[in-house]
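Chemist: sharing a model prediction with you, sequence too.
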Amino acid sequence: MPELPEVELVRRRIETGVLGSRIEEVQILDLKRLDSVSPERLKDELKGKTFIKVGRIGKQLLLGTEAGVLAIHLGLTGDVVIGTSVDRLPRFARLIVRFEDGRRMVFEDMRRFGRVGFARSVDEIVARKRLGPDVMVVSSRTFAERARRHKRAIKSVLLDQSVVSGIGNLYADEALFQAGIHPQTLASFLSESELRNLHRCAKRVMGRSLTVGSDFDLLPRTYLLRNRREGEVCPGTNGARLASITVGGRTTVYCPRKQRLRRAPR
DNA sequence: GAGTATGTTATATG
DNA sequence: GCATATAACATACT
């Protein structure tokens, strides 16, 4: 499910679903999802409170109450669904927040990579997670300045949430594809304008995904995401075949013709 | 059974 | 400190 656009869609769902409802009870079905908060404290902190603001930085969901912030990270397979007590509980429900008006917010997570934490403030979460600025909010200038400091493959830098937060494996590939940059190019080899352009591509891709509800089939045919598999025909016009390599431990699909590797700084 | 998966983090190594 | 590689977490699906 979740990279920035998917998390943003969840954020909006939560915002329209539970903003302003008083919390009656919190049920923790999987203790290991909790991150630096005890079950007792989490329940105490939330009971009787109201979510008054639902924010997001990168892939981190931030549900603010009068007294603190519930931080939800969806991991690889997490989701948050809003319903009522008559609905069937999702199969992989890990945490349930019941509201006084009968509504219910359920954090579900099949593979259990997600995490739920609590802090007094958003700043505390940012510091604890070492979260860089959100990719949709940060300026291209700042993005370029932060990225260029690293002497690592640009793809690894894009995935490093402390540099800039929100980009995941799929959108990293798409942004690099659109920008025509080989994923293994060292970030420090890229020029300021190349990095700015890369940032624009990343933002455009994610914005576009948001407008189609993250349904990849509704993305333009020119997008790599439509057919992100080794051996597929490049969705550009060059007829090349897509290649697959590993960068920073992650599967990386790119077009060898459009994204050439450069071995010296520009 | 083998291989793969949208994420993060700890650990070891250079 | 920086960068890389690897494993670990856990489970479904092809």
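Modeler: Ah, there it is.
Chemist: tell me how many other residues crowd residue A:198.
Modeler: 26 (other Cβ atoms under 10 Å). C-beta coordinates here come from the backbone N, C-alpha and C atoms, glycine included.
Chemist: and the helix or strand containing it, how far out from the chain middle?
Modeler: Residue A:198 belongs to helix A:192-211 when assigned by DSSP states H and E. Chain-centre distance of helix A:192-211: 15 Å, with Cα atoms, centre = their mean, to the nearest Å.
Chemist: check whether it contacts DNA strand B.
Modeler: No. Helix A:192-211 is not in contact with DNA strand B by Cβ under 7 Å from any atom of the strand; minimum separation 9.9 Å.
Chemist: which other residues reach the helix or strand that that helix is followed by?
Modeler: Moving toward the C-terminus from helix A:192-211, the next helix or strand (DSSP H and E) is strand A:243-247. Here strand A:243-247 makes contact (Cβ atoms under 8 Å, 6 or more residues apart in numbering) with A:153, A:155-156, A:183-184, A:229-230, A:251-256.
Chemist: mind listing which of those are in strands?
Modeler: A:251-254 (DSSP state E).
Chemist: my read: residue A:219 touches residue A:207, true?
Modeler: No. If you go by Cβ atoms under 8 Å, residue A:219 and residue A:207 don't touch, sitting 11.5 Å apart.
Chemist: these two: which has the busier surroundings?
Modeler: More neighbours surround residue A:219 than the other of residue A:219 and residue A:207, with 19 against 13 (other Cβ under 10 Å).
Chemist: distance of that one from residue A:211?
Modeler: 10 Å (Cβ to Cβ, to the nearest Å).
Chemist: and the residue of chain A nearest DNA strand B?
Modeler: The minimum distance from chain A to DNA strand B, using Cβ to the nearest atom of the strand, falls at residue A:168 (2.0 Å).
Chemist: please name the nearest non-neighbouring residue to that residue.
Modeler: Excluding the flanking residues, the one nearest residue A:168 by Cβ to Cβ, 6 or more residues apart in numbering is residue A:3, at 3.4 Å.
Chemist: residues contacting the one you found?
Modeler: Here residue A:3 is in contact with A:59, A:166-171, A:206 (Cβ under 8 Å, 6+ apart).
Chemist: and for residue A:2?
Modeler: A:10, A:59, A:74-76, A:78-79, A:168.
Chemist: of all those residues, which two lie farthest apart?
Modeler: Greatest spatial distance among the contacts of residue A:2 (Cβ to Cβ): A:79 and A:168, at 15.1 Å.
Chemist: coming back round to it: just the pLDDT for the residue of chain A closest to DNA strand B.
Modeler: For residue A:168, the pLDDT comes out at 95.
Chemist: I'd say it and residue A:4 touch.
Modeler: Yes. Counting by Cβ under 8 Å, residue A:168 touches residue A:4, with 7.4 Å between them.
Chemist: which one of those two has more residues nearby?
Modeler: Higher neighbour count among residue A:168 and residue A:4: residue A:4, with 27 against 20, using other Cβ under 10 Å.
Chemist: distance check, the more buried one against DNA strand C.
Modeler: 20 Å (Cβ to the nearest atom of the strand, to the nearest Å).
Chemist: wait, what's in contact with that residue?
Modeler: Going by Cβ under 8 Å, 6+ apart, the list of residues near residue A:4 reads A:58-59, A:134-136, A:166-168, A:171, A:206.
Chemist: for it, phi and psi?
Modeler: phi -50, psi -50 (degrees, to the nearest 10).
Chemist: got a winner among the contacts of residue A:2 for most neighbours?
Modeler: That'd be residue A:78 among the contacts of residue A:2, by other Cβ under 10 Å, with 28 neighbours.
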